[in-house]
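> whatever this is, show me its structure:
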Amino acid sequence: MSLGDLVARVPPRFDHLSVLASADLNCITYYVGESPNAVLHLRDCALICRPSLDADLPGVHLIPVDDPQLAFYRLSAAYKVDYLDYSGMTERAGARIHMDAVVPSSCRIGPGCILGACVLGENVRIEANCVIYARSRIGDRSVIEPNTVIGATGVMWAWDGESRVFLEQLGRIEIGKDCFIGSNVTIVRGSANEATVIGDETCMAHGTMIGHGCRIGVRNHLANNVSFGGGVVTGENCFFGSACTVPPSKNICSETVVGAGALVSKDTVESGVYVGMPARRVSAVKQKMSGIPKWDV
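Presented below is the predicted three-dimensional model:
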């Protein structure tokens, strides 16, 4: 089914895309399964689904297709947004800043930076050669070190039998107050209507990669080259050692310590120290642990 055909099947009142879990009014979302219970929360929206879905959904406009994910990805092209829009930028002290960006005079913006229509808090410091995409918010006193990208496009695609169809990433970034984001870090914006959220007082060392829709709790510390897949959720006061990996959609409970190089293949449901590939809990968190900060909370 072509993009034009899909657009024609969506009533005009449904004007934005949404992930299924957080579907809101007047959105367009999709579901690949056949369980009615998974979509009973939907209200006044359009649902791209399989023809075999048998669900009583008052006010929900069904768009039956053979491959709902592929159709949703293809439809996202109709809602594409220019997150940098160079035509709307002006140069300030060696940086290029969009006319709709909110940048208080207390902020420091280094040379070579490119800022889309983002919103910065007071006393934010962004060092040289960073890129901050539109729909990014950075809280007061947060620091972004050189060559970091905030709000990058994630790589999500579906195969149509001949080529890849990419999902347009249309979400946003929310970075809290007093955060430190090191050099050469990439944080991907959320998909559709979701946000990638970095909690207050979180630190990320250089080389870390954060996927779309992650929700990182307050006072987390990520050492160098940590990698989070999309949709990872962490609690408060977590520590992630150098080069550890958390695959997509994993939940990490508060006060979790993940050792260097570990692979967290399952949700952690108990505070403690996790090491290995796959990671397993080996002990409780001690009062004093070498190389791990002790939060005063």
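> so for residue 65, what's the nearest residue that isn't a sequence neighbour?
Among residues not flanking residue 65 along the chain, residue 71 sits closest, at 4.5 Å (Cβ to Cβ, 6 or more residues apart in numbering). Just so you know, the C-beta spots here come from the backbone N, C-alpha and C atoms, and that holds for glycine as well.
> state the mean pLDDT of the helix or strand that the one you found is a member of.
If you go by DSSP states H and E, residue 71 is part of helix 68-75. What helix 68-75 shows for mean pLDDT is 97.
> and for stretch 93-106?
96.
> please parse this structure into its domains.
Domain ranges of the chain: 3-79, 86-280, per automatic domain parsing.
> quick one: the helices in the protein?
3-8, 68-75 (DSSP state H).
> so what touches the last one?
Meaning helix 68-75. 1-3, 6-7, 10, 17, 28-32, 48-50, 63, 65, 156-160, 165-167 (Cβ atoms under 8 Å, 6 or more residues apart in numbering).
> next up, the contacts around the closest residue in space to residue 247 that isn't next to it in sequence.
Among residues not flanking residue 247 along the chain, residue 229 sits closest, at 4.7 Å (Cβ to Cβ, 6+ apart). Residue 229 is in contact with 211, 245, 246, 247, 248, 249, 250, counting by Cβ under 8 Å, 6+ apart.
> repeat that for 6 Å
Residues near residue 229 by Cβ atoms under 6 Å, 6 or more residues apart in numbering: 211, 247, 248.
> residues in a beta bridge with residue 174, which ones?
Residue 174 forms beta bridges with residue 137, residue 197, as assigned by DSSP bridges.
> report the separation between residue 168 and residue 7.
Computed with Cβ to Cβ, to the nearest Å, the distance linking residue 168 and residue 7 is 14 Å.
> revised request: answer the last question for residue 32.
Taking Cβ to Cβ, one finds residue 32 at 21 Å from residue 7.
> and for residue 246?
Note on residue 246: its distance to residue 7, by Cβ to Cβ, is 37 Å.
> with residue 103 instead?
The separation that residue 103 has from residue 7, given Cβ to Cβ, amounts to 36 Å.
> mind listing what's buried in stretch 4-22?
By 16 or more other Cβ atoms under 10 Å, the buried positions in stretch 4-22 come out as 6, 9, 10, 14, 17, 18, 19, 20.
> roughly how far apart are the closest residue to the second one other than its chain neighbours and residue 75?
Put plainly, it is residue 9. Closest residue to residue 9 apart from its sequence neighbours, by Cβ to Cβ, 6+ apart: residue 63 at 5.2 Å. Separation of residue 63 from residue 75 (Cβ to Cβ) stands at 9 Å.
> who's more crowded, the two?
Set residue 63 next to residue 75 and count neighbours by other Cβ atoms under 10 Å: residue 75 wins out with 25 against 20.
> look up how far residue 208 lies from the more buried one.
For residue 75, the distance to residue 208 - Cβ to Cβ - is 32 Å.
> also residue 61?
Going from residue 61 to residue 208 by Cβ to Cβ gives 41 Å.
> quick one: which of these two has more around it?
Neighbour totals were compared for residue 61 and residue 208, and residue 208 leads with 25 against 16 (other Cβ under 10 Å).
> confirm for me that that one is in contact with residue 185.
Yes. Using Cβ atoms under 6 Å, residue 208 is in contact with residue 185, at 4.9 Å.
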